[in-house]
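A.B. asks: Requesting a structural model of the entry that follows:
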Amino acid sequence: MQMKRTLISAAIVAALTGSVCAADLTPVPSANAKILGVTSTTVLSPELRQVVAAQGSMLVENPTDLVKYYGYLNTVPNLLPAFGSNVEATKTEPDKNTYLVLNGLVGADPKYDYGTHFLFQGHEAGAGQLTRVNLDADSAHRVTVLATREKDGVKPLPTIDGSTWHPWSGRLLLTAELGANGGVWQATPDFPSVVEDISGGTGRGGFEGIQADSDGNLWIAEDAGGATVAGARLPNSFIYRFIPKNKFDLGQGGKLQALQVMSKVTTGQPITFQTANALTQDMKDLHTYGTVFDTKWITLHDTDVDGNTPFNANALAKAKLATPFKRPENGMFRPDTHFREFIFTETGDTSATSTAIPDHGGFGALIKVTQSSPSASSGKLTLFYKGDLEHTAFDNLAFWDRDHLVVGEDRGDTLHSQGNALDSHWLFDMRNNYADPANTPTRIMAEGRDPSATIDSALLSTAGFQNDGDNETTGIHVSDGDPTVNGILGDKNPRPFHDGWRVFYTQQHGDNMTFEILPTQHGKRDNEGDRGY
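C.D. replies: The predicted structure is shown next:
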């Protein structure tokens, strides 16, 4: 028998409620301090609140020998270590969120109505898996494991970092940040999911962020940390663009390109990978406000010419003189710019002792690429924001609206200690000139540390401990779930809490909680009826 829901009319709710614009968000004064053995609660702007969409200890509806819980592998009898031990279950770290509104999807229970609102995630650690959080479902059917193996039923999925939806092919796209073993996989959204490796076209690399543009191309950010030389990491990661041969069937391959930035030091020459110096004038120029660079896309691999066997994209990018960056992790198209403006994050060196501080990107950055069209062969690149100790290690991002960008941090335990600050989410105004020190981003979230992560942080330096320490904020996602071509991120101007727009993020590590952000009572969302509230 299908579950029946009592729905409140969205129109009635809308008539009684207001909005939460970016300008309405009150700053959170400071980050949570990192204190040994002390937990802390997440602090949001007072106009916002959060509710749990799924948590690590939640039983999945279709457990396997290895995957029994949403955020923990079934590797030891207890999720947390026994007293005096550091042995605990491997935490899978649900990563980038992709929200979709889809009709007719099924799950492991053929008699259950799973609704229409879904949140998809890959898992970054332990063992590869694709899960679907069924947002309309009860707790017994809340989380479905869609796949742990590729379509042959034999080859295990890799651990998964990024995800997005590609409406032309009707596939979820999943990335693996595994260097020469990484790449891109495509997956159907239903149960069981059919998952295919398409790295013969996209190549293999430490891929994380992935987004589609309005022409059906894929823009991919690579997070591949370079060797440390003279106290700073070598820039070792690239921005890629994949132009599919057939956007309705990505498995047919296409052209993989990499972004090349022209030097201000050597006229007419590109900024290229350096094997022995992270502190070049080119790197300083890339992290200098007001400097405008010419860019072009260079083709690394064409399946029509080079075949459809997976290849090392990072190695080809270096060989063909693409420009490396300091660990890009994610990128997003600015809404209402017709996909002509792309912002990507640099995480930097995640250490306050890096010699790349302050001028060579050691604290990370936000970088903007502008083009005449998403498929243009050339464009311009500029620094949008240069990180510092308070604003650093930029990782995931999402547009709150056309002019406001939310960016999350991934400092890690070392930088948490050095700055005595856990991660934050920052709100940037795209109209601001951040070269002016009077303009600063607004902290809208100071992430806390849950009890499990507090225990793990204390265990982090003990021999044999396999999990991460402090919580990490990841997967910030603002979407109305539109699965059509008009719904790709960057097409519409977001309206959080109105017209079906919803906001999610994941607090990785520790308890592995995925949250939905909602407005507080005086700014309550106008579409709660969609969820049966």
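
A.B. asks: Surely Leu405 touches Ile343?
C.D. replies: Yes: the pair Leu405 / Ile343 is scored as a contact, 6.5 Å apart, by CB atoms under 8 Å. In short, each C-beta sits where N, CA and C put it, glycine included.

A.B. asks: Show me the common contact partners of the two, please.
C.D. replies: Counting by CB atoms under 8 Å, 6 or more residues apart in numbering, the common neighbours of Leu405 and Ile343 are Met332, Arg334, Leu366, Leu397.

A.B. asks: Could you point out the helix or strand that follows the helix or strand of the chain with the lowest mean pLDDT?
C.D. replies: Using mean pLDDT, DSSP states H and E, the weakest-scoring helix or strand in the chain turns out to be helix 10-16, at a mean of 33. Counting by DSSP states H and E, the next helix or strand C-terminal to helix 10-16 is strand 43-44.

A.B. asks: where do the helices sit along this protein?
C.D. replies: Counting by DSSP state H, the chain has helices at residues 10-16, 199-202, 281-286, 303-306, 313-319, 412-419, 451-459.

A.B. asks: re the thing from before, buried ones among the shared contacts of Leu405 and Ile343?
C.D. replies: Buried members of the shared contacts of Leu405 and Ile343, counted by 16 or more other CB atoms under 10 Å: Met332, Arg334, Leu366, Leu397.

A.B. asks: Would you mind giving those as JSON lines with distance to Leu415 and pLDDT added?
C.D. replies: Shown next, in JSON lines, are those (distance: CB to CB, whole Å; pLDDT from 0 to 100):
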{"residue": "Met332", "distance to Leu415": "23", "pLDDT": "98"}
{"residue": "Arg334", "distance to Leu415": "28", "pLDDT": "98"}
{"residue": "Leu366", "distance to Leu415": "17", "pLDDT": "98"}
{"residue": "Leu397", "distance to Leu415": "18", "pLDDT": "98"}
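
A.B. asks: residues of stretch 356-368 that come out buried?
C.D. replies: By 16+ other CB under 10 Å, the buried positions in stretch 356-368 come out as Ala356, Ile357, His360, Gly361, Gly362, Phe363, Gly364, Ala365, Leu366, Ile367, Lys368.

A.B. asks: which residues does the fourth one contact?
C.D. replies: Under the criterion of CB under 8 Å, 6+ apart, the neighbours of Gly361 are Pro235, Met283, Leu286, His287, Phe325, Lys326, Glu346, Gly348, Asp349, Lys386, Gly387.

A.B. asks: Run through the stretch 351-500 of the chain and note the low-pLDDT ranges.
C.D. replies: Along the stretch 351-500 of the chain, no part satisfies pLDDT under 70.

A.B. asks: Pick the most buried one from the helices of the chain.
C.D. replies: helix 199-202 (a mean of 25; mean count of other CB atoms under 10 Å).

A.B. asks: So for that helix, mean pLDDT?
C.D. replies: Average pLDDT, helix 199-202: 98.

A.B. asks: going forward, begin numbering at 51 instead of 1
C.D. replies: I'll keep to 51 as the first residue from here, and by that count the last item is helix 249-252.

A.B. asks: Might you calculate how far it sits from the centre of the chain?
C.D. replies: Here helix 249-252 is found 21 Å from its chain centre; the criterion is CA atoms, centre = their mean, to the nearest Å.

A.B. asks: and it, C-alpha only, in CSV?
C.D. replies: Output of helix 249-252 as CSV, limited to C-alpha atoms (Å, rounded to 0.1, in the frame of the first residue of the first chain):
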residue,chain,number,x,y,z
SER,A,249,36.8,8.4,-18.4
GLY,A,250,37.7,7.4,-22.0
GLY,A,251,36.4,10.8,-22.9
THR,A,252,37.0,12.9,-19.8
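
A.B. asks: same for it, what does it pack against?
C.D. replies: Helices and strands touching helix 249-252, by 3 or more CB pairs under 8 Å, 6 or more residues apart in numbering; DSSP states H and E, are strand 233-237, strand 289-294, strand 304-311.

A.B. asks: if you set the cut-off to 7 Å instead, what comes out?
C.D. replies: Here helix 249-252 is seen to pack against strand 233-237, strand 304-311 when contacts are counted using 3 or more CB pairs under 7 Å, 6 or more residues apart in numbering; DSSP states H and E.

A.B. asks: Fine by me, we can end here.
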